[in-house]
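Asks: Just need the structure, nothing else, for what follows:
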Amino acid sequence: MDNNLFREKSVKKLSSPENLSEYLRVTTPAMWVILIGIMVGVIGLYIWSYFMTINSYAYGDGVVRNGILTVTYEENSTAQYVKDDMDVIIGGVRMPIDSIGKDDNGKIISVSKTDFPDGDYAAKASYKQTRMISMLFN
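Replies: Below you'll find the model as predicted:
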């Protein structure tokens, strides 16, 4: 049987110990830079997702009369999570919710004291904060 699987010239090059390091190069410096860049990106994404939160809001229409804000929430399915110790937000200003109840139509409402002038406002109440990392590993 003939053992000519490899060329004789290639076998001689690999047989000499001086040239062995030429053929054992597995990665180049450019590959290490790419690998480190990917690792930094993954670690950065992990740190960002740990500190990043997503807020869930119940939206509603707020009416201010004589320093009292009454918010009627649009959907009872999300408004059911709003509690007394939470805040209602109008234009970036937070006001603590004093009480929660239902109006004559069965809609959930909240009442707060405010310094806003009388009028109608768009309001929201944050009832849940979810960390991004819990969404990735849940």
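Asks: Return the set of buried residues in stretch 81-96.
Replies: Across stretch 81-96, burial judged by 16 or more other C-beta atoms under 10 Å covers 82, 86, 88, 89, 90, 95. For glycine as for every other residue, the C-beta is placed from the backbone atoms N, C-alpha and C.
Asks: now swap in stretch 65-80 and tell me
Replies: Using 16+ other C-beta under 10 Å as the burial criterion, the residues of stretch 65-80 that qualify are 69, 70, 71, 72, 73, 78, 79.
Asks: Angles on the backbone of residue 134, please.
Replies: Phi and psi for residue 134, reported as degrees, to the nearest 10, are phi -70, psi -30.
Asks: neighbours around it, how many?
Replies: For residue 134, the neighbour count with other C-beta atoms under 10 Å is 12.
Asks: Closest one to residue 32 out of the buried residues of stretch 65-80, please.
Replies: Residue 32 lies nearest to residue 78 out of the buried residues of stretch 65-80, by C-beta to C-beta, at 49.7 Å.
Asks: any idea how far that closest one is from residue 131?
Replies: From residue 78 across to residue 131, the span is 20 Å (C-beta to C-beta, to the nearest Å).
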